[in-house]
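Engineer: got a predicted structure plus its sequence, pasted below:
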Amino acid sequence: AAFGVGPGAVAVMFAATLATMLGLGVVTGPWSQHHGVRPLAVLAAVAVPAGLLALATAGPFPVAAAGFALGVGGGAGCLFVPLQTAVGTAFERHRGPALVVATAGAGLATVVAPPATVALVATLGLRGAAALLAVVAAVVLGACVPVVPGGRHAHGDAAAGLRGIGPALRDPAFRRFVLGDVGLCAAMFVPYVHLASFATMRGVDLATGAVLVTVAGAASLLARLATVPAVARWGAWTVGRAGAVAMTLSLGAWLIADGRVAGVAAFAVLFGCAHGAFVGVTG
C-alpha cells in the first residue's frame, strides 16, 4: 500500500530476495572454507542494513525492491550457508543436533519478526520501520562479527565433502534430492509470504494475519528441536521424507480453511510442524 503496488509485485520482491540469498550460498559457502566467515559477516553487516535503507528511502517501487533484494538477500547469502558450514565443521560429535539448533534461529526469527514488524509499521510507517530495522540489523550483525570464525575452518571428514559441487552433482541420489527440494519450495515459502495477506483479504486484520505467520514459525521452531530425538530413533531420511510429504499435504488444510481464522490457524500449526521437521534435517 505504501508504494501503491499489489501483493504480486511484493511477492516478486521476496522471491528475488530469497533467490539471491540461497543462490549466493553456492559461492559464499566454498569461499568461507578457505577464507573464514568473518569477512562475509562484515559484508553482511553492511549489505543488510543497506537493503533496508533502500526500502526506507527509495522512491519508485522497482528501485526499492531491487535494493532490498540485493542488500538483504545478498547479506543473508553471505551468512546462511557459510555459518551452517562453520557449525558443521566445528563439531566432530553431535554435529546433527548442533545444526538443528542453528537452523532453529530462523524459526525463532519467524516467531518474533512478524508481530514486531506490524507494530513498527503501525507506529512509524513502512519507511520509518525499515529505517529502524536497518539500525537493529547493523547492531546485531556487527556484534556477530568478532565471534564468527576468522580463518580457514574446514577440517577432518567435514572438509572432505566440501571440495566442490561437481562430485555431488554426479551422484544420482543427490540430483534427485535437489530436484525434490526445488518442487518443495512451492510448499515451503508460499505460506510464509502470502498467509498474512490472504487473511486480510478474507476480512482478518493485519495484526492477526501476522500472528498466524508467528504460529507457523513457532510450530516450525518446536518441530526443528523435536527432530533431534526423532532422527536418533527413526533416522534422518525417514524424518525428512515425512516432513516433506506432510508439508505438501498440509496445503490442503489451507484450502479447506477458506479464510476462517481457526481453520487457518490449524493449517499454520500443521504446516509449521511439517516445515520444521523437514528443515531441521535438511537445512
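Structural biologist: Perfect, I can see it now.
Engineer: what helix or strand does the residue nearest the centre of the chain sit in?
Structural biologist: By Cα atoms, centre = their mean, the chain has its centre lying nearest to residue 106, at 5.8 Å. Per DSSP states H and E: residue 106 is located in helix 95-144.
Engineer: so which elements touch that helix?
Structural biologist: helix 38-57, helix 74-90, helix 206-234, helix 261-282 (3 or more Cβ pairs under 8 Å, 6 or more residues apart in numbering; DSSP states H and E). To be clear about C-beta, it is placed using only N, CA and C from the backbone, and glycine gets the same treatment.
Engineer: the longest one - contacts with which helices or strands?
Structural biologist: With contacts defined as 3+ Cβ pairs under 8 Å, 6+ apart, the secondary structure elements packing on helix 206-234 are helix 95-144, helix 172-201, helix 236-257, helix 261-282.
Engineer: what angle sits between it and helix 95-144?
Structural biologist: Orientation note: helix 206-234 sits at an angle of 140 degrees relative to helix 95-144 (axes from the mean of the first three to the mean of the last three Cα atoms, to 10 degrees).
Engineer: again with the second one
Structural biologist: Between helix 74-90 and helix 95-144, the angle comes out at 130 degrees (the same axes, to 10 degrees).
Engineer: can you mark which positions in helix 74-90 are buried?
Structural biologist: Of all the residues in helix 74-90, those buried under the rule 16 or more other Cβ atoms under 10 Å are 74-89.
Engineer: and for the last one?
Structural biologist: Within helix 261-282, the residues scored as buried using 16+ other Cβ under 10 Å are 261, 264-282.
Engineer: centre of the chain to that helix, how far?
Structural biologist: 14 Å (Cα atoms, centre = their mean, to the nearest Å).
Engineer: so residue 149: helix, strand or coil?
Structural biologist: Here residue 149 is recorded as coil under DSSP: H, G, I helix; E, B strand; the rest coil.
Engineer: grab the nearest non-local neighbour of residue 184.
Structural biologist: residue 244 (5.7 Å; Cβ to Cβ, 6 or more residues apart in numbering).
Engineer: so how far is residue 168 from residue 107?
Structural biologist: Distance of residue 107 to residue 168, given as Cβ to Cβ, to the nearest Å: 27 Å.
Engineer: more neighbours: which of the two?
Structural biologist: residue 107 (24 against 15; other Cβ atoms under 10 Å).
Engineer: out of the helices and strands packed on helix 95-144, nearest to residue 129?
Structural biologist: In terms of Cβ to Cβ, the element of those nearest to residue 129 is helix 38-57, at 8.1 Å.
Engineer: how about the helices and strands packed on helix 95-144 in CSV, adding distance to residue 180 and mean pLDDT?
Structural biologist: Rendered in CSV, the data for the helices and strands packed on helix 95-144 read as follows (distance: least, Cβ to Cβ, whole Å; pLDDT from 0 to 100):
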stretch, distance to residue 180, mean pLDDT
helix 38-57, 28, 96
helix 74-90, 19, 89
helix 206-234, 18, 89
helix 261-282, 10, 91
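Engineer: residue 173: which of those helices is closest?
Structural biologist: helix 261-282 (13.5 Å).
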